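A.B. asks: got a predicted model here, sequence first, then my questions.
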Amino acid sequence: MSETITGVPDWEDTYLDRVSDRLMHSYDLSKDETVGGERFDLVGHLEVENRKQFFHPALSYAEHDAREHVFARRVDAVSIPDLERLLDVGHDLAAEWIDADEQHYETAFTFVLVAPEIPADVREFVTDHGGRTLLKYGYFGRYEVNLVVVAPDDRETVASRHADVAAAFSLWEDVTPDRKKGLLERVVGRFR
């Protein structure tokens, strides 16, 4: 496996290689992995630790962790049973990978299928999917399983409601922030 100077693998698939260029600054990326019995061309892991402090780092409170795992692969076609199988894998991974405790805030498992086209029933299934699960009534945070289906040749993406990483797979759209807006305007825009 060849790697670039930054330690990010090179993909022979031009599309996935360009997606990795968008993800590499936030995610630890790997290629050709089998997870939960499923093979994926691109796998990414993101971990964020949040802490608030009172005057000094030694006086911290409100510590919690958030993680996101992205699993992407090319497929010849996509169907609802394919997506249901990935949802099951996501729930199984949640049971295995999450250390449910007071510090856990959120873990997201996002499955991305890169297909030649997006059938209407798949589009509806993905759009209607909202997979958040509270752990111990939310006391140990939550996890969610997200779905994204991309048809790069048609320049189409369909994603679950909370699958923000879908923007990285929509190469035909600009993801650079609008620098003309002020800070307050950009923050308010995020919550609209």
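C.D. replies: Good, I have the coordinates. Numbering: from 1, shown residues only.
A.B. asks: please make it C-alpha for all contacts and neighbour counts, starting now.
C.D. replies: Will do.
A.B. asks: I'd say residue 26 and residue 44 touch.
C.D. replies: No: taking contacts as C-alpha atoms under 8 Å, residue 26 lies outside contact range of residue 44: 9.0 Å.
A.B. asks: look at the two and report which has more neighbours.
C.D. replies: residue 44 (19 against 12; other C-alpha atoms under 10 Å).
A.B. asks: contact partners for the residue nearest to that one when sequence neighbours are not counted?
C.D. replies: In space, and not counting its chain neighbours, residue 44 is closest to residue 29: 4.4 Å by C-alpha to C-alpha, 6 or more residues apart in numbering. Contact analysis of residue 29 by C-alpha atoms under 8 Å, 6 or more residues apart in numbering lists 8, 9, 20, 23, 42, 43, 44, 45.
A.B. asks: swap in residue 70?
C.D. replies: So residue 70 contacts 42, 43, 44, 45, 109, 110, 111, 112 (C-alpha under 8 Å, 6+ apart).
A.B. asks: tell me the secondary structure at it.
C.D. replies: strand (DSSP: H, G, I helix; E, B strand; the rest coil).
A.B. asks: and it, what pLDDT?
C.D. replies: The score at residue 70 is 96. That number is its pLDDT.
A.B. asks: residue contacts, the nearest residue to residue 26 once chain neighbours are set aside?
C.D. replies: Leaving aside its chain neighbours, residue 26 sits nearest to residue 46 (6.4 Å; criterion: C-alpha to C-alpha, 6+ apart). Contact analysis of residue 46 by C-alpha under 8 Å, 6+ apart lists 26, 27, 28, 67, 68, 69.
A.B. asks: I'm done for today, thanks for sticking with me.
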